[in-house]
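*Asks:* I'll drop the sequence and a predicted model, then ask my questions.
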Amino acid sequence: MEFLIAAISLGFLGSFHCIGMCGPIAMALPLGRETKFKRVTGGIVYNLGRVFTYGAFGLLFGLLGKAFVVGGYQQILSITLGVIILFGLLLPSRATSFLGLTKIILPIVTKVKSSLGNLFKQKSYVSLISIGVLNGLLPCGLVYLGVAGAIATGDAWKGSLFMMAFGLGTLPAMLFVSMASSAISIQWRSKVRRAVPVFVGVMACVLILRGMNLGIPYVSPELSKIDCTKHNCCNKK
């Protein structure tokens with residue numbers, strides 16, 4: 001249950017970043033002349049699309065994390081994820097180049113933006129949820145942080161639940177953006193963007209502390225050893 005609270009908190013606190021980065025998409029949703037009820041419903045449908053994509057990411061990366069946990073590398077995994085996030089935060093261009101992400105990400109982003117452009121011309125719940133699904137595929141530092149949390153759960157289903165809870169945590173702010181876009185100035189969004197790296201850096205440090213196994217409740221608890229019998233890795237014949 002603690003990991004769900006952490007995921008929702010991460011999403012809610014980081015949702016101010018979403019206002020700055022994904023806000024323009026939420027503001028551009030084809031909801032302009034609809035009734036208030038349809039605007040709210042449309043905003044929820046769009047955000048559920050994002051949550052679906054995040055859940056799929058969580059399932060995939062939670063499964064990846066399980067391999068590390070079963071192998072007994074949970075501490076190393078947590079510290080490594082924290083270091084990678086800090087590296088990407090301090091040297092974003094070098095980190096992207098070092099990890100070879102540019103060649104992978106750019107073609108995907110181009111296709112996603114093209115598909116989004118076509119969907120914005122339509123006015124239906126199907127197009128709104130599709131916009132949300134595709135929005136979840138766009139590069140986002142906060143989502144990467146959520147993915148790191150999903151990997152750290154060491155379980156596919158927990159990872160999926162973590163990412164969906166993370167997405168739901170961002171829902172209030174994103175729904176507000178789609179409903180009251182005129183109330184959010186460019187200057188305010190700029191200030192939020194500058195504050196986000198601090199938040200991301202703190203979360204990266206928490207991941208590193210967690211992996212250090214210091215015995216500090218919630219921050220760096222003692223990671224229990226994996227019960228190998230649970231994973232059928234040392235059953236006696």
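*Replies:* Great, that's in hand. All figures in this text were calculated on a predicted structure; none of them were measured in a lab. Residues are numbered from 1 along each chain as shown.
*Asks:* what's around residue 29, how many residues?
*Replies:* The number of residues packed around residue 29, counting by other Cβ atoms under 10 Å, is 24. Every residue, glycine included, has its C-beta placed from N, CA and C.
*Asks:* to clarify, my last question referred to residue 110.
*Replies:* 10.
*Asks:* for it, grab phi and psi.
*Replies:* Residue 110 has phi and psi values of phi -60, psi -50 when expressed as degrees, to the nearest 10.
*Asks:* for stretch 76-85, buried residues please.
*Replies:* Of all the residues in stretch 76-85, those buried under the rule 16 or more other Cβ atoms under 10 Å are 77, 78, 79, 80, 81, 82, 84, 85.
*Asks:* and what of stretch 121-131?
*Replies:* Those would be 127, 128, 129, 130, 131, for stretch 121-131 by 16+ other Cβ under 10 Å.
*Asks:* okay, those residues in a markdown table with secondary structure next?
*Replies:* Output for the buried residues of stretch 121-131, formatted as a markdown table (DSSP: H, G, I helix; E, B strand; the rest coil):
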| residue | secondary structure |
| --- | --- |
| 127 | helix |
| 128 | helix |
| 129 | helix |
| 130 | helix |
| 131 | helix |
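*Asks:* give me the mean pLDDT for whichever strand or helix holds residue 161.
*Replies:* Assigned by DSSP states H and E, residue 161 falls within helix 156-179. Averaging pLDDT along helix 156-179 gives 88.
*Asks:* could you dump it to CSV, C-alpha only?
*Replies:* Extracted in CSV, the C-alpha atoms of helix 156-179 (Å, rounded to 0.1, in the frame of the first residue of the first chain):
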residue,chain,number,x,y,z
ALA,A,156,5.1,-6.5,-13.1
TRP,A,157,1.6,-5.9,-11.6
LYS,A,158,2.9,-3.7,-8.8
GLY,A,159,4.8,-1.7,-11.4
SER,A,160,1.6,-1.3,-13.5
LEU,A,161,-0.4,-0.2,-10.4
PHE,A,162,2.4,2.2,-9.4
MET,A,163,2.4,3.9,-12.8
MET,A,164,-1.4,4.1,-13.0
ALA,A,165,-1.5,5.6,-9.5
PHE,A,166,1.2,8.0,-10.6
GLY,A,167,-1.0,9.0,-13.6
LEU,A,168,-4.1,9.4,-11.4
GLY,A,169,-2.0,11.7,-9.1
THR,A,170,-1.5,14.1,-12.1
LEU,A,171,-5.2,14.0,-13.0
PRO,A,172,-6.4,17.0,-10.8
ALA,A,173,-3.9,19.4,-12.2
MET,A,174,-4.3,18.3,-15.8
LEU,A,175,-8.1,18.4,-15.6
PHE,A,176,-7.8,21.9,-14.2
VAL,A,177,-5.6,22.9,-17.2
SER,A,178,-8.1,21.6,-19.8
MET,A,179,-10.9,23.4,-18.0
